[in-house]
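Novice: let me see the structure of the following:
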Amino acid sequence: MRENLNVLIFFLAVLLVAVGLKFIPSLSFLGLILLLAIVPAIMLRFQSFFSKKTTILGIFIAGLIANLLLGSALLYLVKEIDLVSILASLLPITLIVFPAIFASSFLLSAGVSRREIFAFYFWFLISAGLAILFLLPTGRAESVGFAHNLPAELRFILLVTIYLEFSLIPSAFCFVFRKIKAFLVFLPMPIVLGYALFFSI
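Specialist: Prediction:
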């Protein structure tokens with residue numbers, strides 16, 4: 001009963017977001033969803049591996065190092081535009097997919113159901129997208145984020161900060177969910193992530 005209620009809450013939340021954004025799914029979008037679903041499917045296939053504390057910590061550290069190296073490369077090392085574009089295309093993976101795997105693994109270690117893992121994983125992706133969208137229409141005259149005041153040679157810290165926000169904030173929600181077992185806990189996640197980005201970028 002609890003599992004069905006949590007999945008129902010997820011679908012209702014997604015429906016409200018889609019209606020609010022006037023989103024109409026296309027065939028290519030459905031293909032992207034199927035592609036993204038491979039990640040939680042693999043995690044569930046190897047559940048005993050991804051639920052280990054050492055694996056969860058390893059995923060977190062790997063994502064942290066990846067963003068540190070990528071940010072440094074984009075800032076200092078890469079001069080060719082084509083190579084910059086290739087590296088920049090990796091940002092959705094290092095900034096969003098890595099944290100999604102980390103937080104989902106944290107939830108997986110709590111022994112939640114397969115459907116709840118899929119629901120959380122996709123709600124994470126939606127929350128990250130809404131958080132980024134949250135920054136677009138603000139129209140603020142000047143940046144309030146700390147990154148605005150960073151010296152140019154330290155701007156790579158911004159990627160690390162965003163990665164930490166996208167990893168630790170959802171994980172905190174997962175920790176609360178492990179106690180309450182209600183998917184309603186995750187509904188404010190887009191807003192919290194949005195404000196975290198607002199004060200970072």
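
Novice: how about the helices in the protein?
Specialist: 2-21, 27-36, 38-45, 47-50, 53-72, 81-88, 91-92, 98-108, 114-135, 157-180, 189-198 (DSSP state H).

Novice: mean neighbour count and mean pLDDT for the ones you listed - can I get that in CSV?
Specialist: Using the backbone N, CA and C atoms, a C-beta is placed for each residue, glycine as well. Output for these, formatted as CSV (neighbours: other Cβ atoms under 10 Å; pLDDT from 0 to 100):
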stretch, mean neighbour count, mean pLDDT
helix 2-21, 14, 76
helix 27-36, 10, 77
helix 38-45, 15, 93
helix 47-50, 14, 92
helix 53-72, 17, 91
helix 81-88, 12, 76
helix 91-92, 14, 88
helix 98-108, 26, 92
helix 114-135, 20, 90
helix 157-180, 19, 91
helix 189-198, 19, 91
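
Novice: in JSON lines, list the ones you listed along with distance to Asn149.
Specialist: Below are the helices of the chain laid out as JSON lines (distance: least, Cβ to Cβ, whole Å):
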{"stretch": "helix 2-21", "distance to Asn149": "33"}
{"stretch": "helix 27-36", "distance to Asn149": "35"}
{"stretch": "helix 38-45", "distance to Asn149": "36"}
{"stretch": "helix 47-50", "distance to Asn149": "38"}
{"stretch": "helix 53-72", "distance to Asn149": "17"}
{"stretch": "helix 81-88", "distance to Asn149": "23"}
{"stretch": "helix 91-92", "distance to Asn149": "22"}
{"stretch": "helix 98-108", "distance to Asn149": "25"}
{"stretch": "helix 114-135", "distance to Asn149": "17"}
{"stretch": "helix 157-180", "distance to Asn149": "11"}
{"stretch": "helix 189-198", "distance to Asn149": "15"}
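
Novice: nearest residue to Pro194 other than its sequence neighbours?
Specialist: No Pro there; residue 194 is Gly. Leaving aside its sequence neighbours, Gly194 sits nearest to Phe134 (Cβ to Cβ, 6 or more residues apart in numbering; 3.3 Å).
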